[in-house]
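Enquirer: what shape does this take:
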Amino acid sequence: MYNWDDLRVFLEVSKTLNLSKAAKQLDIDQTTVYRRILRFERKTGKKLLKKTRQGYILTPLGEGLAKKSAKLHEEIKKIDMFIENNLSEIFGSVNITTTNVIANVVLPPLLVKFHKLYPQLKLEITVAEEFFDMYKREADLAIRSSDVVEPYEHAVKIGKGAWALYATKDYLKGKPKINSTKFYSDNYFILGSEKIAHIKSTKWLRTKVEEENISLKANSMESIYSGVKAGLGIGLLPSVYKNMDPSLIELSKPDPKFGSPIWLITQKEIVNSEKIKICLDYFYKELKSIFRY
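Expert: All right, here's what the predicted structure looks like:
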């Protein structure tokens, strides 16, 4: 009789052929992964993995088993979702993935309030700029900015955030004001680096500012904010930073044209889970007033 946990470990290893990565994904140590694979091979009486100089490869039997077990894994996930969706008691954890800006600037006060309302529900925040695959349950809920959503996702549009030009009071002393013809030529600006050159705010500011007027290039909004806060120059930031730091001087009217819609996203198969419904309702109501455009 095969142990499902051993099969699950084998399936995870078969995806990357890397014991360390599999261990991290399964939240166990690498030695345990190795022992589980050996135990599984003893049960089958056949080698499933072969070690080479370049790393592990699947044997022919291992390849066939990986394909079969992947299908089984999807069915077991569906069973887990069915059970979860039909539990009346609200408890457990919900993993939420979101961006650095939302996680560090927007969510903290909302998380305090949520914990007071639902102490039995534990939220796990995963910060990532890349999109998690909701179909694979890499996260239960996503709060993200995007112009498109996948058809298998249950997505609720919250609204848009606004952006504005910000600086510190000390930096602005003696500098041209925004309505001056010398505003862009006689000020220093903090721009996004190549990593975020594709976002609307970086693209727009690059059309206004010459290279000699750039005091810093940064690869995240947090770094741009830090540069502004340090007095390095003017930055184009989401206006939620002003909510967090009232000392920032707002130089332009908040404008939503630089942002994409903000969505609450989960997978359609778990949308009726009580704990997911609680999170969707709560964060929609709280975030609607923040991303109100």
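
Enquirer: any residues touching stretch 118-126, and which ones?
Expert: The contact list for stretch 118-126 (C-beta atoms under 8 Å, 6 or more residues apart in numbering) reads 90-98, 103, 107, 111, 114-115, 132, 139, 275, 278-279, 282. In this view, the C-beta of every residue, glycine as well, is placed from N, C-alpha and C.

Enquirer: so what's T98 up against?
Expert: Applying C-beta under 8 Å, 6+ apart, one finds that T98 lies in contact with 107, 125-128, 142-144.

Enquirer: before we move on, what about V240?
Expert: By C-beta under 8 Å, 6+ apart, the residues touching V240 are 101, 105-106, 161, 290.

Enquirer: make CSV from the residues you listed and add neighbour count to it.
Expert: CSV is the format used below for the contacts of V240 (neighbours: other C-beta atoms under 10 Å):
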residue, neighbour count
V101, 22
V105, 21
V106, 24
G161, 24
I290, 17
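
Enquirer: what about those, which are in helices?
Expert: When DSSP state H is applied, the contacts of V240 are split such that V101 fall in helices.

Enquirer: K208: what secondary structure?
Expert: Classification of K208 using DSSP: H, G, I helix; E, B strand; the rest coil returns coil.

Enquirer: and it, how far from L248?
Expert: 20 Å (C-beta to C-beta, to the nearest Å).

Enquirer: please say which of those two ends up with more neighbours.
Expert: Under the neighbour definition other C-beta atoms under 10 Å, K208 and L248 were set side by side, and L248 has more, 21 against 14.

Enquirer: surely the more buried one and L165 touch.
Expert: No - under the contact definition of C-beta atoms under 8 Å, L248 does not touch L165, with a separation of 10.1 Å.

Enquirer: can you confirm K275 is in a helix?
Expert: Yes - membership of K275 in a helix is supported by three-state DSSP.

Enquirer: wait, it touches G92, no?
Expert: Yes - under the criterion of C-beta under 8 Å, K275 makes contact with G92 at 6.2 Å.

Enquirer: out of the contacts of T98, which sit inside helices?
Expert: L107.

Enquirer: where exactly do the strands run in the protein?
Expert: In the chain, the segments counted as strands under DSSP state E are 49-52, 55-58, 92-98, 121-127, 141-145, 153-159, 163-167, 189-192, 214-218, 234-238, 249-250, 262-267.

Enquirer: starting at the chain centroid, how far to the last one?
Expert: Its chain's C-alpha centre and that of strand 262-267 lie 11 Å apart, by C-alpha atoms, centre = their mean, to the nearest Å.
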